[in-house]
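In: fold the following.
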Amino acid sequence: MATSGEFLKIWKFNEETNQIDPPLDLVNQNEFSAPLTSFDWNYDSLNLIGTSSIDTTCTIWDIEKQAVYTQLIAHDKEVYDISFSPDKNLFASVGADGSCRQFDLRSL
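Out: Numbering: from 1, shown residues only. Okay, here's the model as predicted:
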């Protein structure tokens with residue numbers, strides 16, 4: 001399970017203890033972390049999750065490596081939402097600049 005706010009949290013259910021483990025906090029250590037507005041899981045590559053932020057960026061995280069896979073300036077203003085396509089390489093975002101943009105992980 002994932003939640004977002006100031007940063008992305010990944011929660012894992014521990015079957016041995018029958019409880020939820022403390023969350024894994026994913027924060028971009030290279031920059032100031034702006035509040036996140038949305039996230040979406042890549043259904044074909046479950047190790048990838050994308051986040052959108054008020055700082056105009058979309059970040060794709062590799063949760064197995066606990067690191068940023070890629071980050072890009074996606075819009076001229078805040079990014080409101082991000083969503084992966086059924087094609088594992090495509091995702092789209094919408095922003096306060098009034099645009100909807102599609103990206104391909106193979107060629108950003």
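In: counting neighbours, what do you get for K65?
Out: Applying other CB atoms under 10 Å, we find 9 residues neighbouring K65. From N, CA and C alone the C-beta is placed, and that goes for glycine too.
In: pLDDT below threshold where in this protein?
Out: Applying pLDDT under 70 to the chain picks out residues 28-33.
In: and the strands in it, which stretches?
Out: Residue ranges of the strands in the chain, as given by DSSP state E, are 2-4, 8-10, 13-14, 19-20, 24-26, 36-41, 48-53, 57-62, 67-73, 79-84, 90-95, 100-104.
In: strand partners of the longest one, parallel vs antiparallel please.
Out: Take DSSP bridges as the rule and strand 67-73 pairs in its sheet with strand 57-62 (antiparallel).
In: then the last one?
Out: Strand 100-104 has these partner strands in its sheet, going by DSSP bridges: strand 90-95 (antiparallel).
In: now do the third one
Out: Looking at strand 13-14 with DSSP bridges, its partner strands are strand 19-20 (antiparallel).
In: deepest of the strands of the chain, which one?
Out: Mean neighbours per residue, mean count of other CB atoms under 10 Å, is largest over the strands of the chain for strand 48-53, with a mean of 24.
In: that strand vs strand 67-73, what angle?
Out: On the basis of axes from the mean of the first three to the mean of the last three CA atoms, to 10 degrees, strand 48-53 is oriented at 40 degrees to strand 67-73.
In: export strand 48-53 as PDB, just CAs?
Out: As requested, C-alpha coordinates have been extracted for strand 48-53 and formatted as PDB (Å, rounded to 0.1, in the frame of the first residue of the first chain):
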ATOM      1  CA  LEU A  48       7.700   1.600 -10.200                       C
ATOM      2  CA  ILE A  49       5.400   4.200  -8.700                       C
ATOM      3  CA  GLY A  50       5.000   7.700 -10.000                       C
ATOM      4  CA  THR A  51       4.300  10.900  -8.000                       C
ATOM      5  CA  SER A  52       3.300  14.400  -9.000                       C
ATOM      6  CA  SER A  53       4.100  17.500  -7.100                       C
END
